[in-house]
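1. Here you go, sequence then predicted model.
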Amino acid sequence: MPFNIEKYRTTEYERRTEPVPVPALSAFFDDGEKPVIVVQNLTGPEVYRAEQRVAVNKNLEGLVKKLADGKGAEAIEAALAALGLGGNSVPDALAKAIAYVQFGCASVTLEQSDAVRLAEFHIDSFLKLFNAINRLTSLGHVPLGESNASGPPLGCKTPSPCAPEADSEGTDFSSK
């Protein structure tokens, strides 16, 4: 069966979404709210923006030092800290994961510095979010109107038949 290019061109898509329980962050949710952050797959441009962050990460410290012409070590450290990079170099994998979490959280808008704080102080929640976003991204978008096998679309009250009704702690997501 040949590829139906006309059907492909006219198909509309939506992101895959998934609620991720983050019990370690429960203190930052309003009373009565379940500690859940809804994540979504990244778009192609977002994936490449994350890859660009890795390239910037590789070159940034050297660039700042060249701009400072070897002078003002304190200014260099302050500039790196302001960018969320601190005085230590950031591993490329972490730079990518920070970008994924920043771009992939659907139920809350994160700045880069927020994702950095999550990685620094709540690594368990950060890794849960990153792993879910990475998995959803590898699955790609879903055609509009088809079952979102990774969970309900953002705002949907009915979970997909493939989505778990509760996590291992017994949190029921079907009432979202």
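-> Now that the structure is in, tell me what you want to look at.
2. what stretches of the protein score poorly on pLDDT?
-> Along the chain, segments meeting pLDDT under 70 span 61-88, 147-176.
3. where exactly do the helices run in it?
-> For the chain, applying DSSP state H gives helices covering 5-10, 44-67, 73-82, 92-104, 112-121, 123-139.
4. ok, and what's touching the shortest one?
-> For helix 5-10, there are no surrounding residues in contact (C-beta atoms under 8 Å, 6 or more residues apart in numbering). (Glycine included, C-beta is placed from N, CA and C.)
5. please redo it, this time with the cut-off set to 10 Å
-> With contact meaning C-beta atoms under 10 Å, 6 or more residues apart in numbering, helix 5-10 is reached by Asn4, Pro143.
6. and that helix, C-alpha only, in CSV?
-> Listed next in CSV are the C-alpha coordinates belonging to helix 5-10 (Å, rounded to 0.1, in the frame of the first residue of the first chain):
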residue,chain,number,x,y,z
ILE,A,5,0.5,11.9,0.9
GLU,A,6,-2.8,13.7,0.6
LYS,A,7,-4.1,12.1,3.8
TYR,A,8,-0.9,12.9,5.5
ARG,A,9,-1.0,16.6,4.4
THR,A,10,-4.6,17.1,5.7
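7. Which positions in that helix come out as buried?
-> Across helix 5-10, burial judged by 16 or more other C-beta atoms under 10 Å covers no residue at all.
8. who's in contact with Tyr100?
-> Contacts for Tyr100 (C-beta under 10 Å, 6+ apart) come out as 39, 42, 46-47, 50, 53, 115, 129-134, 137.
9. With distance to Gln102 and neighbour count as new columns, can the residues you listed be given to me in CSV?
-> Below are these laid out as CSV (distance: C-beta to C-beta, whole Å; neighbours: other C-beta atoms under 10 Å):
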residue, distance to Gln102, neighbour count
Val39, 11, 33
Leu42, 10, 23
Glu46, 9, 18
Val47, 13, 16
Ala50, 9, 22
Arg53, 9, 22
Ala115, 4, 23
Leu129, 10, 25
Phe130, 10, 25
Asn131, 15, 14
Ala132, 14, 26
Ile133, 10, 27
Asn134, 13, 17
Thr137, 13, 23
